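*Asks:* What follows is a predicted protein model with its sequence.
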Amino acid sequence: MSISLLNGFGKVYLTIEYDAINHWVHNQWIGSQTYVGIIAGADACLHPLSENACSYLLNDNRQVIGGWNHAVEWIASDWAPRAAAQGLTHFAQVVSPESLAALSAEAMHTNIGDRLQIRMFSNIDAAQAWLRDVQRKAANSLA
């Protein structure tokens, strides 16, 4: 199931999809991000995480235009604790390294601290490989 959120111009700014094969939620952010849109989108991704008892998030910002520092404090102080409380443990953040979005992602990572395992990637394949690796390690520790 895929969720698409629209901005005030009727354009998709976020798609959220639970990937049942890989057991993670994949967020694809697109274009300029407003404070209200980020809150709506971040909150919307909590539902598929919870509904699927999913601990892994693949958050793709490669198509984001501009920064989103205006929402970093809210993400760190409001969203991240709620996401962690419902079971999110690993957060793979994919950004274009030369973008303003990368600077916002770094600020988010710093502000969230150790509440979640966050890794930054400039390549989606590397982000997916990291998530698969931590899933494999978690499965092996239960065996």
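*Replies:* Great, that's in hand.
*Asks:* how about low-confidence regions in this protein?
*Replies:* Scanning the chain with the threshold set as pLDDT under 70 gives 98-103, 105, 107-109, 111, 113, 115, 143.
*Asks:* ok, longest helix in it?
*Replies:* Using DSSP state H, we find that the single longest helix of the chain is helix 124-142.
*Asks:* Going by neighbour count, list what's buried in that helix.
*Replies:* With burial defined by 16 or more other C-beta atoms under 10 Å, the residues of helix 124-142 counted as buried are 127, 128, 130, 131, 134, 135. Backbone N, C-alpha and C define where each C-beta goes, glycine included.
*Asks:* how far does stretch 15-25 sit from the chain's center?
*Replies:* Its chain's C-alpha centre lies 11 Å from the corresponding centre of stretch 15-25 when counted by C-alpha atoms, centre = their mean, to the nearest Å.
*Asks:* What are the boundaries of the strands in this structure?
*Replies:* 2-6, 12-19, 24-31, 56-64, 90-94, 117-121 (DSSP state E).
*Asks:* and those strands as a markdown table, adding mean neighbour count and distance to residue 43?
*Replies:* Output for those, formatted as a markdown table (neighbours: other C-beta atoms under 10 Å; distance: least, C-beta to C-beta, whole Å):
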| stretch | mean neighbour count | distance to residue 43 |
| --- | --- | --- |
| strand 2-6 | 13 | 10 |
| strand 12-19 | 19 | 11 |
| strand 24-31 | 22 | 12 |
| strand 56-64 | 21 | 13 |
| strand 90-94 | 23 | 15 |
| strand 117-121 | 18 | 19 |
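*Asks:* Save those as CSV, and put in distance to residue 76 too.
*Replies:* Below are the strands of the chain laid out as CSV (distance: least, C-beta to C-beta, whole Å):
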stretch, distance to residue 76
strand 2-6, 21
strand 12-19, 19
strand 24-31, 17
strand 56-64, 14
strand 90-94, 12
strand 117-121, 11
